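Chemist: let's see this in three dimensions:
(one chain, ligands or ions: 2)
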Amino acid sequence: MRTQVAIIGAGPAGLLLGQLLSRAGIDNVILERRSLDYVLSRIRAGVLEQGMVDLLHEAGVSDRLEREGLVHDGFSLAYHGALHRIDLKGLTGGRTVTVYGQTEVTRDLVEARHALDRPTIYEAQDVALHDIDGTSPRLTFTKDGKAHELTCDFIAGCDGYHGISRASLPETALQIFERVYPFGWLGLLVDRPPASHELVYAGHERGFALCSMRSAERSRYYIQVPLEERVEDWSDEAFFDELRQRLPAEVAEAVVTGPSIEKSIAPLRSFVAEPLRFGRLFLAGDAAHIVPPTGAKGLNLAASDVRYLFDALREHYRDHSDAGLDSYSARALARVWKAERFSWWMTNLLHRFPERDGFDGRIQETEFAYLTQSRAACTALAENYVGLPY
Ligand code: FAS
Ligand code: PHB
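Modeler: Numbers count the residues shown, from 1 in each chain. Ligands and ions are numbered 1, 2, ... in the order given. Down below sits the predicted model:
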């Protein structure tokens with residue numbers, strides 16, 4: 001097989017890049033390790049920056065998003081029982097975020113790719129990268145036990161944190177920056193109305209909690225749990241009891257319980273691999289970086305990486321210029337690190353760190369006090385949350 005751009009991974013990064021390339025007439029093939037059903041069963045992010053909404057519109061996959069997405073003008077911070085609303089729209093000159101599940105973004109992209117009849121090879125096993133530093137890179141893989149080869153001009157590594165792209169590179173080629181947090185998020189999805197019409201991020205001495213949603217009928221909740229916790233040790237009742245203890249009374253009383261339709265624990269880490277380019281291989285999305293979900297940046301960073309990589313590939317094929325490809329890594333990393341900083345800051349602001357001392361506790365309290373007293377502090381939070389410019 002031969003294509004112009006070989007994409008590894010059919011998550012949001014790979015599918016969005018494939019959609020943009022296809023609409024620009026640039027041939028591409030996606031290799032995905034899992035089945036389509038598995039990919040569509042994953043429950044992950046829920047908040048889209050305006051930049052990502054605009055990119056999905058440009059990709060021609062925003063119809064359902066514009067019908068069903070919930071535009072949010074703000075969210076609330078709760079700290080030891082007190083609520084403080086962050087007026088995103090008022091603090092950023094009118095910018096907002098849209099609540100729309102990553103699962104739905106993925107579904108819309110899958111359907112769009114199917115409509116364009118572009119090839120996605122699901123359950124592609126043993127994907128391996130070859131000659132990425134030459135002029136004829138290629139991928140090999142097996143499908144239904146049969147070996148295949150895919151030759152291409154470029155490889156987009158959109159295969160997530162546990163993917164093969166970054167893992168194929170010599171350790172000397174990469175500089176890794178990482179912070180592993182001593183806790184995880186236990187998430188629960190329930191078909192009940194949300195506790196609040198906007199998101200509530202709560203810091204509490206028992207730990208962090210988040211009230212989010214997928215629609216007016218479906219809620220998404222998270223609580224911080226120790227790393228050694230197992231999801232099977234948490235009944236729905238135990239989850240909701242712990243959640244309510246961490247929320248201000250007026251929010252806790254509004255939580256409507258019901259049987260969970262999904263429950264899982266995600267570890268939290270900050271991670272960046274530099275650089276993002278190796279010859280004809282370009283890393284994008286979680287393959288290149290991970291943020292703790294506290295700032296709602298993971299999915300949105302995948303979108304900005306795709307924006308830069310698509311523009312660079314289009315420039316190569318249309319304008320016969322490699323300026324964009326040559327600057328991709330530096331340009332993407334400049335935005336990645338700003339989101340890493342914000343996500344790290346939000347995580348430190350809102351979580352209980354077991355090993356922390358009294359000084360850290362006072363700093364955390366003072367961060368909240370400063371936010372409740374300073375418009376400048378809230379503006380800085382708001383402009384990062386709605387998404388810094390691409
Ligand atoms: P993905 O990981 O989504 O997709 C990579 C794809 O590559 C997968 O389909 C995988 O099967 C495939 N793949 C992997 N190895 C392969 C191989 N060798 N060959 C072929 N295919 C391969 N972000 C938020 O903003 N908010 C959240 O609440 C949030 N919650 C999360 C919860 C979890 C458990 C995880 C893991 C992430 C969460 N994230 C969250 C971050 C998440 O949304 C990512 O940012 C987003 O999925 C990034 O998309 P991709 O880069 O496409 O990577
Ligand atoms: C979610 O709804 O899954 C969600 C929302 C905001 C976050 C993280 C996750 O910061």
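Chemist: per-residue confidence at residue 284?
Modeler: We have a pLDDT of 98 for residue 284.
Chemist: grab the nearest non-local neighbour of it.
Modeler: With CB to CB, 6 or more residues apart in numbering as the criterion, residue 284 has its nearest non-adjacent residue at 3.9 Å, and that residue is residue 305. Quick note: C-beta positions are derived from backbone N, CA and C, even for glycine.
Chemist: what of residue 279?
Modeler: Residue 279 sits nearest to residue 133 (CB to CB, 6+ apart), 3.6 Å away.
Chemist: for the one you found, grab the count of nearby residues.
Modeler: Counted with other CB atoms under 10 Å, residues neighbouring residue 133 total 10.
Chemist: likewise residue 112?
Modeler: Here the number of neighbours of residue 112 (other CB under 10 Å) works out to 21.
Chemist: who does residue 277 bridge with?
Modeler: Here residue 277 sits in beta bridges with residue 282, going by DSSP bridges.
Chemist: just list the residues touching residue 154, thanks.
Modeler: Taking CB atoms under 8 Å, 6 or more residues apart in numbering, we find residue 154 in contact with 4-6, 137, 280-282, 313.
Chemist: export these to CSV and tack on distance to ligand 2, secondary structure and neighbour count?
Modeler: As requested, the contacts of residue 154 are exported to CSV (distance: CB to the nearest ligand atom, whole Å; DSSP: H, G, I helix; E, B strand; the rest coil; neighbours: other CB atoms under 10 Å):
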residue, distance to ligand 2, secondary structure, neighbour count
4, 35, coil, 16
5, 30, strand, 25
6, 31, strand, 27
137, 35, coil, 20
280, 34, coil, 22
281, 30, strand, 21
282, 27, strand, 29
313, 30, helix, 25
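Chemist: which of these sits closest to ligand 1?
Modeler: residue 6 (10.8 Å; CB to the nearest ligand atom).
Chemist: residues of the stretch 201-350 of the chain that sit close to ligand 1?
Modeler: 266, 285-286, 293, 296-299, 302 (CB under 6 Å from any ligand atom).
Chemist: quick check: the closest residue to ligand 2 within the stretch 101-250 of the chain vs residue 369, distance?
Modeler: Residue nearest to ligand 2 within the stretch 101-250 of the chain: residue 212 (3.2 Å; CB to the nearest ligand atom). Look at residue 212 and residue 369: by CB to CB, to the nearest Å, they are 25 Å apart.
Chemist: so those two - more neighbours on which side?
Modeler: Neighbours were counted for residue 212 and for residue 369 using other CB under 10 Å; residue 212 has more, 25 against 12.
Chemist: is it true that that one lies in a helix?
Modeler: No: assignment of residue 212 by DSSP: H, G, I helix; E, B strand; the rest coil gives strand, placing it outside any helix.
Chemist: give me the three-state assignment for residue 150.
Modeler: With three-state DSSP as the basis, residue 150 sits in strand.
Chemist: show me what contacts it?
Modeler: 1-3, 6, 29, 31, 138-141.
Chemist: same thing with residue 13?
Modeler: Counting by CB under 8 Å, 6+ apart, residue 13 makes contact with 158, 284-287, 302-303, 305-306.
Chemist: ok, now residue 108?
Modeler: Contacts of residue 108 (CB under 8 Å, 6+ apart): 56, 61-65.
Chemist: and if we set it to 10 Å?
Modeler: Counting by CB atoms under 10 Å, 6 or more residues apart in numbering, residue 108 touches 15, 19, 56, 59-65, 100.
Chemist: ok, residue 7 next?
Modeler: Counting by CB under 10 Å, 6+ apart, residue 7 touches 13-18, 21, 28-32, 120, 139, 152, 154-159, 284.
Chemist: in strands, which of those residues appear?
Modeler: Within the contacts of residue 7, residues falling in strands by DSSP state E are 28-31, 120, 139, 154-157.
Chemist: quick check: the farthest pair among the residues you listed?
Modeler: Spanning the widest gap among those are 120 and 154, at 17.4 Å by CB to CB.
Chemist: what ranges do the strands span in the stretch 51-200 of the chain?
Modeler: Under the criterion DSSP state E, counting those that start in this stretch, strands of the stretch 51-200 of the chain are mapped to 70-72, 75-79, 82-86, 97-99, 120-121, 125-130, 138-143, 146-151, 154-157, 175-190, 200-203.
Chemist: which strands and helices lie in contact with the second one?
Modeler: So the one you mean is strand 75-79. Using 3 or more CB pairs under 10 Å, 6 or more residues apart in numbering; DSSP states H and E as the contact test, the elements touching strand 75-79 are strand 82-86, strand 200-203, strand 209-213, helix 249-252, helix 323-350, helix 358-373, helix 375-385.
Chemist: if you count contacts, what does the helix-or-strand element of the chain with minimal mean pLDDT end up packed against?
Modeler: Every helix and strand in the chain was compared by mean pLDDT, DSSP states H and E; the lowest is helix 358-373, with a mean of 93. For helix 358-373, the packing partners by 3+ CB pairs under 10 Å, 6+ apart come out as strand 75-79, strand 82-86, strand 200-203, helix 323-350, helix 375-385.
Chemist: so can I have CSV of these showing distance to ligand 2?
Modeler: Shown next, in CSV, are the helices and strands packed on helix 358-373 (distance: least, CB to the nearest ligand atom, whole Å):
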stretch, distance to ligand 2
strand 75-79, 8
strand 82-86, 13
strand 200-203, 7
helix 323-350, 8
helix 375-385, 9
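Chemist: tell me which parts of the stretch 101-250 of the chain are close to ligand 2?
Modeler: 199, 212, 220.
Chemist: excluding chain neighbours, what is closest to the second one?
Modeler: To tie it back to what came earlier, the one meant is residue 212. In space, and not counting its chain neighbours, residue 212 is closest to residue 220: 4.3 Å by CB to CB, 6+ apart.
Chemist: secondary structure class for that neighbour?
Modeler: With three-state DSSP as the basis, residue 220 sits in strand.
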